[in-house]
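> how does the following fold in three dimensions:
(2 chains)
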Amino acid sequence: MSSTFYRSFVALISGGIFAVGLGVSGMLNPANVRGFLDILGEWKPALMFVMVGAIAVYAISNLLAQRMQKPVLEKDWSNLPRPGFDFPNVAKLGAVLFGVGWGMAGFCPGPAIVSLPSLNPSVIIFTIAMLAGFYGFALYERMKHNKAH
Amino acid sequence: MMMALYGGLIIGLAAVLLMIFNGRIMGISGIAGTFVNMLFTPKARTAQSGEFAWRGFFILGMLLGGIGLSQFTNIFTEASMVSSNPVVLIVAGLLVGVGTRMGWGCTSGHGICGIARFSGRSVMATIIFIAAGMGAVAVANALFNATGGN
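Below you'll find the model as predicted:
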């Protein structure tokens, strides 16, 4: 079996566990997300604990991973972005746009995709628009890149 | 509150698997954004079939998880939408799609993995998108009250 097979298998399991985690956490209910963001109204801070739990687990294993020569199924750690402070203004603007969209619909990318099997029309419309946004931005980047060469 | 914490621990576990075994960040906008781009770009897809494959299987895992939740829980039937107005949903979806790619990540990649790796840019990004989200909700509430709830 090739390493692609094993890497894809791990990805499948990870994606499934992620979906269950989102379900347990309450992130699949847009009203909860809205409540978390409604700091000037009836603020529901519970979702903050999703980040607390996930960051705690990930930070501990990140320390362990730093002692590993390489990931189990890869030859090195080169696919991990280097932590750093470089964050240009255009990327900051991107974060603003994302936040506004997140507040408007109560969905970020993970919960939107995991909620697709609910077949809720609102979820389907939002997710298709989001995927179009992904692709539209990729096309724009490619156009910019081609112009530069 | 405890459920949010338990859910977070499970999400953390999923992210750990992807890092320890595959050496990758579990950032959904990056995984799905790259996948969609490769899907419509045959050249990139064949040149990096392994890259295309694991992303596809991660998304398949998310969808299978979603199917499981829809079959064995009432999470989706209990969920209440913030908006069912198609115009709002399309604009919001486009903003999330473009914004997460332009901003190098979303709630999972920046908010969880990046912060846990002490990445300054992820801390900045998370503060910005949470603040922008809070702003958007405050404005939406003000408009809602001004129009008498429409």
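> check chain B for its longest helix and report it.
helix B:120-146 (DSSP state H).
> okay, now the domains of chain B?
Domains of chain B are assigned by automatic domain parsing as B:1-80, B:82-150.
> could you find the closest non-adjacent residue to residue 9?
The chain I'm using is chain A. residue B:57 (7.2 Å; Cβ to Cβ, 6 or more residues apart in numbering or on different chains). C-beta: built from backbone N, CA, C; applies to glycine.
> wrong one, chain B
Residue B:9 sits nearest to residue A:53 (Cβ to Cβ, 6+ apart), 4.3 Å away.
> list the buried residues in the helix or strand containing the one you found.
Using DSSP states H and E, residue A:53 sits within helix A:48-65. Buried residues in helix A:48-65, defined by neighbour count with 16 or more other Cβ atoms under 10 Å in any protein chain shown: A:49, A:50, A:51, A:53, A:54, A:55, A:57, A:58, A:59, A:61, A:62, A:65.
> report the contact partners of the residue in chain B that chain A sits nearest to.
Among the residues of chain B, residue B:97 lies closest to chain A, at 1.9 Å counting by Cβ to the nearest Cβ. For residue B:97, the contact set (Cβ atoms under 8 Å, 6 or more residues apart in numbering or on different chains) comprises A:101, A:109, A:129-137, B:29, B:33.
> what's the first helix or strand after the helix holding residue A:53?
Counting by DSSP H and E, what follows helix A:48-65 is helix A:89-105.
> thinking again about what came up before, need the CA coordinates for the helix holding residue A:53. PDB is fine.
Taking Å, rounded to 0.1, in the frame of the first residue of the first chain, the C-alpha atoms of helix A:48-65 are listed here in PDB:
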ATOM      1  CA  MET A  48     -15.200  29.800  23.900                       C
ATOM      2  CA  PHE A  49     -14.600  26.500  25.600                       C
ATOM      3  CA  VAL A  50     -14.500  24.800  22.200                       C
ATOM      4  CA  MET A  51     -11.300  26.700  21.500                       C
ATOM      5  CA  VAL A  52     -10.000  26.200  25.000                       C
ATOM      6  CA  GLY A  53     -10.400  22.400  24.800                       C
ATOM      7  CA  ALA A  54      -9.100  22.100  21.200                       C
ATOM      8  CA  ILE A  55      -6.100  24.400  21.800                       C
ATOM      9  CA  ALA A  56      -5.200  22.500  25.000                       C
ATOM     10  CA  VAL A  57      -5.100  19.100  23.300                       C
ATOM     11  CA  TYR A  58      -3.300  20.500  20.200                       C
ATOM     12  CA  ALA A  59      -0.700  22.500  22.200                       C
ATOM     13  CA  ILE A  60       0.300  19.500  24.200                       C
ATOM     14  CA  SER A  61       0.700  17.200  21.200                       C
ATOM     15  CA  ASN A  62       2.500  20.000  19.400                       C
ATOM     16  CA  LEU A  63       5.200  19.900  22.100                       C
ATOM     17  CA  LEU A  64       5.400  16.100  21.700                       C
ATOM     18  CA  ALA A  65       5.600  16.500  17.900                       C
END
